[in-house]
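Chemist: when you get a sec, could you give me coordinates for this:
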Amino acid sequence: MPDISSIGHGSVGPINRATGASGDPGAIKAGDLGERHGDRVELSQHARLLDRLRQMPNVRIELVEEIRSAINEGRYETLERLETAVQRLLEELHE
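Modeler: Purely as a prediction, here's the structure:
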């Protein structure tokens, strides 16, 4: 196997690190880097909407169609469902 340390014309010296005004390698301040204030990202209204859509739970199309059909045929609004809805509403009001 060839010796990779012999590649190039000389030996590799120590790595030069960026230093802040104090000379301390760990003391780099934002002002030491010039006028650069950082990167910025702006999201369009369209991107925000797509993100909200991705966070929504999956829609069970079959269930939606079944309920839509029941509503159209007058089978959805039953006395039992109405009583359940009223009971849940009263429970929420008491919380």
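Chemist: assign residue 62 to helix, strand or coil.
Modeler: helix (DSSP: H, G, I helix; E, B strand; the rest coil).
Chemist: gap between it and residue 44?
Modeler: Going from residue 62 to residue 44 by Cβ to Cβ, to the nearest Å gives 34 Å. Yep, even glycine has a C-beta here, placed from its N, CA and C like the rest.
Chemist: equivalent analysis for residue 56, please.
Modeler: Separation of residue 56 from residue 44 (Cβ to Cβ) stands at 19 Å.
Chemist: what helix or strand does residue 46 sit in?
Modeler: helix 45-55 (DSSP states H and E).
Chemist: what does that helix rub up against?
Modeler: Helix 45-55 is contacted by residues residue 43 when judged by Cβ atoms under 8 Å, 6 or more residues apart in numbering.
Chemist: report the buried residues of that helix.
Modeler: By 16 or more other Cβ atoms under 10 Å, helix 45-55 has no buried positions at all.
Chemist: what mean pLDDT does that helix have?
Modeler: For helix 45-55, mean pLDDT is 90.
Chemist: over to stretch 59-70?
Modeler: pLDDT averaged over stretch 59-70 gives 93.
Chemist: ok, and what's touching that stretch?
Modeler: Here stretch 59-70 has contacts from residue 76, using Cβ under 8 Å, 6+ apart.
Chemist: alpha carbons of that stretch, as CSV, please.
Modeler: This file holds the C-alpha atoms of stretch 59-70, laid out as CSV (Å, rounded to 0.1, in the frame of the first residue of the first chain):
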residue,chain,number,x,y,z
VAL,A,59,-58.8,11.7,5.7
ARG,A,60,-60.8,8.5,5.5
ILE,A,61,-62.6,9.1,2.2
GLU,A,62,-64.8,6.0,2.5
LEU,A,63,-66.2,7.3,5.9
VAL,A,64,-66.7,10.8,4.5
GLU,A,65,-68.6,9.4,1.5
GLU,A,66,-70.7,7.1,3.7
ILE,A,67,-71.7,10.0,6.0
ARG,A,68,-72.4,12.3,3.1
SER,A,69,-74.7,9.7,1.6
ALA,A,70,-76.5,9.2,4.9
